[in-house]
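Asker: My questions are about this predicted structure, shown below with the sequence.
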Amino acid sequence: MKSILNLNQLGSIFPITMIALTSILVITVVLISNSFILKESSKYSLDKLEAVTLAEAGIEKAIASLNVNPSYNGESETVLGQGSYSVSVTSIDSNNKVVEAGGYIPDKTNPKIKQAIKIQISKGEGISFPYGLQVGEGGLQMGNSSTLNGSVYSNGDISVGNSSAFTGDVWVAGGTQPTANQQWECTQVCQDYIFGKSVTGENRLDVAQSFQLSQGAVINKVSLKLKKFGSPPNITVRILCDNNDKPDKNNVKASGTLSANLVTGSYGFVDVTFSSSPNLSENTRYWIVLDTSNDANNYWSFDLDSLQGYGNGSPKWSSNWQASSPVWTAITGDFGFKVYIGGVATKFTGGNSAVVNGDLHANTIQNVTINGSAYYQSISGSTVNGTSNPGSPDPAPETFPVSQSNIDAWKLEAEDGLDYGSLTYGNSCNVNLGPGKIDGDLTLGNSCSVTVTSPLWITGNITAGNSLTVKLPSSAGLSSGVVLVDGTTVVGNGCENFECGFKGSGSDGSYLMLLSTYDTTVTGTPAITAGNSSFSGIFYAPKGSVSLGNSASFKEISAWKIITGNGAILSYEQGLSETFFSAGPTGSFSVVKGSYQLK
Amino acid sequence: MSNSRGWSLLEVLIAVTVAAVAGGLIINLLVSSGKLFVDQSAQISQGLSLNQTQLELTELIKSSSGIVSQYPTQGTPQYITDQNTLVVKLPGITSSGDVTDIFFDYAVIEADFEKPAILRKQIFKDSQSFRKTENKVLSVNLKSLSFSYLDINNNAVTPDQALRVSFVINLSTKSGFSEKESSGSGTVNLKNI
């Protein structure tokens, strides 16, 4: 009988089992690998957040370091926790820097994860001199064959003699009317209006004051009566149109920066200029809006007149002026403010062979050779070797780098020091003065050497002979100092090679500033009169004129008006853009609102 | 005549029983493995999606200049910020790649209107901005997403007053008759306000 089954036939259980086991193995392998992918993804997410945190730590480190050491410029790699960070600092100017920080996991050399953050930081306080010459509405008059090695910014006319030269750029701003078109200042029932923080449940981040001009004109600057608590950063000030008795967020006429370094712990008017000078209509409501960030420890106060004496406007506050439907709440009173309009024609007038090697910006340009570009409304008798830009708007005026509040703070500090009556010293004197106040005059003979511990305030006049040296003690280190004088200052001839004049401590970056509060616009007498030869130091006279002799050489002058003799040379020192004054508020950096960027 | 003979009935029954048991075991193993594969794959996919969504939300909120109540900010809104929808204002990007507060872009995080399981991130840029517009799907398994708007003391405030934003996200995937869920949350400070 033939078997119905072939016992030698291969079975299929084994292949089936193998297929099944292979399938299970494949599924297992795929699941395990996917689990690894999820684990890696989760680790990536955590590491990415850690890299952000490391980069933010780098930013914090940079701010802390800059507040201790202004020359801090970053670090290549610092290990922290499971990773590391790097920091680089780039200066925009002395008060503003860009900080870029990178966070790396596990390290910078072979990073699995890296994250960069870029922010801008601003110094709440401190003073800088970005121009070799900064001139107010009084303007600049330079004698024949004078040279300016640097840039000049003038809010008034510039007139230069034959063969005078500017190596840098020259700006002549559109002129400002000498008196404010609109203003208010509390004189009777005054109170603090705190903003830039939450006060009794009110999140007062933005405040505004409305006004109406008595004539249509361009707006050149506003002054605001403020004080500060702590070290708040610079704030943005805008001019907004009105919409139903509220600032119109969609109609910004101008924007400028209020430098926190110009504001002190006591009230004072602080100027704010704008990047452009917009035209405003007469008898139309506009708003000055101050846009701050929330900081419980570093905030602001407006001087508020509780009696509401200003008839052309009123103040309001909001938690967010840019909100989709911003809520503005009325404030009872009026803020201290001034609004200045332009409309004063300004010009640059050169003599024979006068040359500007950089760009020249002015409403009217006459008789000069411009090797850079020219920006103007009208031009005559001039040669432009760069690009001509007719129809250019007038440059907006620049504010001075020292405010009345800064001056008041120095004076208060001086009053806490030594008290002197009038002082007179003969030739070759060698004296130590300050910190303190001389209630009277300071008279010095020839070749005197005065060591000043800052600040020194002289309520009367300074009269000095030739070869005067006034300097800071070496203990001042990197800090700079100030000599304030309310009367006139007359000094004789200087020395060769900047060996005399007003000098710092001897350390690089240390300067001594002669600051005159004398008002030339009232008397016509120069605030500071200097002889021939060279003078070290910073000369600063916001309301006065500075008159320089022939062949006089200087490092930095900022004054309402400057008059130089023939052959004067001004050589700007780059370090002046990063000057710290110990005898007054010094700087601390903080993050500029809106500048945080994940890169 | 051959000596060979057929299998006895008993032998056949034993063989069939053994084959049935072995086959059943193998089939069961295969089915279980398949189900496990589907379940775990769904969970892993959800986890990846959750990680990515949380990262995107964190970076967006950190970089924002504020929460706005609607987009467009003027006129009839297309998107309104509420518990389930986030509209943020982002600093504009200049030609040099830096942020600016002169003009702003806007981003919207919202579930798709027609397919609510799809979570989208959309970026609407200002005409002056160099930021890229985006319409990106963050997840296709959204079950719920909620935002809370807080001040610095973690008190609830209106969106345009918020200094920090808290979010809770739940993702869900159907796997056979069961539903797999993953959830994540975070609280992020706005860095540009």
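Answerer: Good, I have the coordinates.
Asker: what's around the closest residue to A:V160 other than its chain neighbours, how many residues?
Answerer: Closest residue to A:V160 apart from its sequence neighbours, by CB to CB, 6 or more residues apart in numbering or on different chains: A:M142 at 4.3 Å. All C-beta spots, glycine's among them, are computed from the backbone N, C-alpha and C. Residues within reach of A:M142, counting by other CB atoms under 10 Å in any protein chain shown, total 28.
Asker: I'd guessed A:M142 sits against A:S164; true?
Answerer: Yes. The pair A:M142 / A:S164 is scored as a contact, 5.1 Å apart, by CB atoms under 8 Å.
Asker: still on that earlier bit, can you pull the contacts of the residue nearest to A:V160?
Answerer: A:L148, A:I158, A:S159, A:V160, A:G161, A:S164, A:T564, A:A568 (CB atoms under 8 Å, 6 or more residues apart in numbering or on different chains).
Asker: quick one: the helices in chain A?
Answerer: Assigned helices in chain A, in chain order: A:13-68, A:404-415, A:520-523 (criterion: DSSP state H).
Asker: tell me the most buried of these?
Answerer: Comparing the helices of chain A by mean neighbour count (mean count of other CB atoms under 10 Å in any protein chain shown), helix A:404-415 comes out on top with a mean of 20.
Asker: Report the buried residues of stretch B:164-175.
Answerer: Within stretch B:164-175, the residues that qualify as buried are B:R164, B:V165, B:S166, B:F167, B:I169, B:N170, B:L171, B:S172, B:T173, counting by 16 or more other CB atoms under 10 Å in any protein chain shown.
Asker: How about the second one: what's its closest non-neighbour residue?
Answerer: Right, the one you point to is B:V165. B:V165 sits nearest to B:I61 (CB to CB, 6+ apart), 5.0 Å away.
Asker: One more: A:S392?
Answerer: Nearest to A:S392 is A:Y375, by CB to CB, 6+ apart, at 3.7 Å.
Asker: tell me which residues form a beta bridge with the one you found?
Answerer: A:H361, A:N389 (DSSP bridges).
Asker: burial count for it?
Answerer: 23.
Asker: Touching, it and A:G391? I think so.
Answerer: No. Using CB under 8 Å, A:Y375 is not in contact with A:G391, being 9.1 Å away.
Asker: separation between the residue nearest to B:V165 and chain A?
Answerer: 11 Å (CB to the nearest CB, to the nearest Å).
Asker: Repeat that for B:P77.
Answerer: Counting by CB to the nearest CB - B:P77 and chain A are separated by 9 Å.
Asker: per-residue pLDDT, that residue?
Answerer: At B:P77, the model reports a pLDDT of 86.
Asker: quick one, what contacts the residue nearest to A:S392?
Answerer: A:D359, A:L360, A:H361, A:A362, A:N389, A:S392, A:P395.
Asker: Any chance of the residues you listed in a markdown table with pLDDT and neighbour count as columns?
Answerer: Shown next, in a markdown table, are those (pLDDT from 0 to 100; neighbours: other CB atoms under 10 Å in any protein chain shown):
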| residue | pLDDT | neighbour count |
| --- | --- | --- |
| A:D359 | 91 | 19 |
| A:L360 | 93 | 28 |
| A:H361 | 92 | 22 |
| A:A362 | 93 | 29 |
| A:N389 | 93 | 13 |
| A:S392 | 88 | 15 |
| A:P395 | 84 | 22 |
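Asker: export those residues to JSON lines and tack on distance to A:D245?
Answerer: Formatted as JSON lines, the contacts of A:Y375 follow (distance: CB to CB, whole Å):
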{"residue": "A:D359", "distance to A:D245": "43"}
{"residue": "A:L360", "distance to A:D245": "44"}
{"residue": "A:H361", "distance to A:D245": "38"}
{"residue": "A:A362", "distance to A:D245": "40"}
{"residue": "A:N389", "distance to A:D245": "40"}
{"residue": "A:S392", "distance to A:D245": "36"}
{"residue": "A:P395", "distance to A:D245": "34"}
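Asker: what does the stretch 251-400 of chain A put close to chain B?
Answerer: A:S293, A:N294, A:S319, A:N320, A:Q322, A:A323, A:S324, A:S325 (CB under 8 Å from any CB of the partner chain).
Asker: Mind doing that once more with 10 Å?
Answerer: A:252, A:255, A:291, A:293-294, A:296, A:319-320, A:322-327 (CB under 10 Å from any CB of the partner chain).
Asker: State the distance from the closest residue to B:T85 other than its chain neighbours to B:K136.
Answerer: What sits nearest to B:T85 in space, not counting adjacent residues and going by CB to CB, 6+ apart, is B:E110, at 4.4 Å. Taking CB to CB, to the nearest Å as the measure, B:E110 falls 12 Å from B:K136.
Asker: Looking at those two, which one has more neighbours?
Answerer: Counting neighbours by other CB under 10 Å for B:E110 and for B:K136 shows that B:E110 has the greater number, 21 against 11.
Asker: and the one helix or strand the more buried one maps to, which residues are buried?
Answerer: For B:E110, the element it lies in under DSSP states H and E is strand B:99-111. By 16+ other CB under 10 Å, the buried positions in strand B:99-111 come out as B:V99, B:T100, B:D101, B:F104, B:D105, B:Y106, B:A107, B:V108, B:I109, B:E110, B:A111.
Asker: For the residue nearest the centre of chain B, give me its contacts.
Answerer: Closest to where the C-alpha atoms of chain B average out (CA atoms, centre = their mean) is B:S139, at 3.3 Å. Contacts for B:S139 (CB atoms under 10 Å, 6 or more residues apart in numbering or on different chains) come out as B:45-46, B:48-50, B:52-53, B:56, B:111, B:117-120, B:145, B:169, B:171, B:182.
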